[in-house]
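1. Could you look at this predicted model? Sequence included:
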Amino acid sequence: MAHTIESLIAMIPKTLPGEKAKRADTIIQLNVTGSQAGQWNVAIKNGQVDVAKGTHASPEITVTADTDDVLAVADGRLEPMQAFMQGKAKVQGDMSEAMELARAFIPG
């Protein structure tokens with residue numbers, strides 16, 4: 001399925017509901033570079049997921065990646081861990097929380 005960055009961001013509150021969101025209590029800053037560049041922040045607290053355009057003053061996790069790499073992960077052509085290990089996704093902050101959240105987005 002072909003995605004855009006905007007469509008992926010819009011899916012976050014639907015993708016991370018219920019039990020997956022209850023395990024997290026964090027604020028994530030998403031910085032996308034490249035052809036569909038933009039900044040968003042995702043606040044997860046008490047099972048509630050809120051997404052806002054722009055930067056957050058004090059995120060606990062910051063993820064920066066190029067548009068092409070984000071879309072490759074979304075389409076299943078690139079594993080999130082592989083993107084990180086290859087330096088295609090840069091993560092700052094609580095790495096254990098970031099890994100748990102990455103697993104939450106992987107089906108199964």
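-> Noted; the coordinates are in hand.

2. any chance you could map the strands in the protein?
-> 26-33, 38-45, 48-53, 61-66, 89-93 (DSSP state E).

3. residue closest to the middle of the chain?
-> Geometric centre of the chain, nearest residue: Leu30, 6.2 Å, by C-alpha atoms, centre = their mean.

4. partner residues bridging it?
-> Per DSSP bridges, residues listed as beta-bridge partners of Leu30: Trp40, Val63.

5. was I right about it contacting Ala43?
-> No - the pair Leu30 / Ala43 is not scored as a contact, 11.7 Å apart, by C-beta atoms under 8 Å. To be clear about C-beta, it is placed using only N, CA and C from the backbone, and glycine gets the same treatment.

6. how close does Gln51 sit to Phe84?
-> Actually, residue 51 is Val. It isn't Gln. Applying C-beta to C-beta, to the nearest Å, the value for Val51 to Phe84 is 22 Å.

7. Return the distance of stretch 4-20 from the chain's centre.
-> 9 Å (C-alpha atoms, centre = their mean, to the nearest Å).

8. So for it, what gets flagged as buried?
-> 5, 8-9, 12, 16, 20 (16 or more other C-beta atoms under 10 Å).

9. coming back round to it: can you pull the contacts of the residue nearest to the centre of the chain?
-> 9, 39-42, 63 (C-beta atoms under 8 Å, 6 or more residues apart in numbering).

10. Could you rerun that using 7 Å?
-> 39-42, 63 (C-beta atoms under 7 Å, 6 or more residues apart in numbering).

11. Ala10 versus that one, what's the distance?
-> From Leu30 to Ala10 the distance is 13 Å (C-beta to C-beta).

12. ok, now Gln39?
-> From Gln39 over to Ala10 (counting by C-beta to C-beta), the distance is 15 Å.
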